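Novice: 3D model of this:
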Amino acid sequence: MSGSVLIIDDHPVVLQGCRVVLEDAGLATIHVATGVEEGYQSFYRNRPGLVVADLTFQDSGLTGLSLIRRIRALEPATRILVFSMHDDPVIVARALEGGAIGYLLKDTPSVDFATAVARVQAGEPYIDHRLAMKVAILQSSQRVSPLLALTGRELQIFLLLSRGKSYEMIAKYLSLSYKTVANTCSSMRRKLGAESLSELIRLAIRHHSQS
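Specialist: Numbering: from 1, shown residues only. Just a heads-up that it's a prediction; the model follows:
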């Protein structure tokens, strides 16, 4: 491999692990960042050809989705590989629509990580084999999932609802106010056509059981 890469993740162990694999693969110029704004500023200064990024940072929701869009808006030719724990096909589809051309789960063996980086760096799509079929089914469905219309924050809260989290628990987990969570759920109800909170929760649980 050649060229430069920017790794954006808020876990030092992940950053170090990625760096080791990429150095072994021959990438000499490696930049790292631990948050969305730091990552964007590093990208702005260094303009690497490849970005490896997580989607969530410090419990602040799926802010990596907006970061992908900002990077692609600045440099459309940039190759972006998402390296994340999120295996929900809707999240994967959102990342790909935002401009990523690769998506890999964090429990992937290092040899597969190196392969994904090489493929994405060459401009070839690479989707974790455990996700590829689910994403293909979602994207080829005649009825487009209304979840694709949700913002990153809305989608994060929707997924937490599917796991039985209350407003209070979600607010604490995402460092948001109770009112913000409640207002976000009201917005989701309008977008998804749910007449009540209980119906929204049922939709979330149904999606979780099918994903």
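Novice: wait, what's in contact with Ala95?
Specialist: For Ala95, the contact set (Cβ atoms under 8 Å, 6 or more residues apart in numbering) comprises Leu55, Gly64, Leu65, Ile68, Val82, Ser84, Tyr103. From N, CA and C alone the C-beta is placed, and that goes for glycine too.
Novice: okay, buried residues for the helix or strand hosting the third one please.
Specialist: Element membership for Leu65, per DSSP states H and E: helix 63-74. Of all the residues in helix 63-74, those buried under the rule 16 or more other Cβ atoms under 10 Å are Thr63, Gly64, Leu65, Ser66, Leu67, Ile68, Arg69, Arg70, Ile71, Arg72.
Novice: mind giving me the domain split of the chain?
Specialist: Domain assignment of the chain by automatic domain parsing yields the ranges 4-140, 146-210.
Novice: pick out the shakiest of those domains, pLDDT-wise.
Specialist: For the domains of the chain, the weakest mean pLDDT is recorded on domain 146-210, namely a mean of 87.
Novice: name the helix or strand for the residue nearest the centre of the chain, please.
Specialist: In the chain, the centroid-proximal residue (Cα atoms, centre = their mean) is Leu55; its distance is 3.5 Å. Using DSSP H and E, Leu55 falls within no helix or strand.
Novice: ok, now which ones touch the residue nearest to it when sequence neighbours are not counted?
Specialist: Spatial nearest neighbour of Leu55, chain neighbours left out: Gly64 (3.5 Å); criterion: Cβ to Cβ, 6 or more residues apart in numbering. Gly64 makes contacts with Ile8, Val36, Ala53, Asp54, Leu55, Thr56, Phe57, Val82, Ser84, Ala95, Gly152, as judged by Cβ under 8 Å, 6+ apart.
Novice: try it again at 10 Å.
Specialist: Contact analysis of Gly64 by Cβ atoms under 10 Å, 6 or more residues apart in numbering lists 8-9, 36, 39, 53-57, 80, 82-84, 86, 91, 95, 98, 100, 152.
Novice: which ones among those residues lie within strands?
Specialist: Ile8, Ala53, Ile80, Val82, Phe83, Ser84 (DSSP state E).
Novice: can you count the residues close to the nearest residue to the second one once chain neighbours are set aside?
Specialist: Spelled out, that is Ala53. Leaving aside its sequence neighbours, Ala53 sits nearest to Ile8 (Cβ to Cβ, 6+ apart; 4.2 Å). For Ile8, the tally of surrounding residues (other Cβ atoms under 10 Å) stands at 27.
Novice: ok, Thr108 next?
Specialist: 16.
Novice: tell me the secondary structure at it.
Specialist: Classification of Thr108 using DSSP: H, G, I helix; E, B strand; the rest coil returns coil.
Novice: hang on, it packs against Arg130?
Specialist: Yes: counting by Cβ atoms under 10 Å, Thr108 touches Arg130, with 9.1 Å between them.
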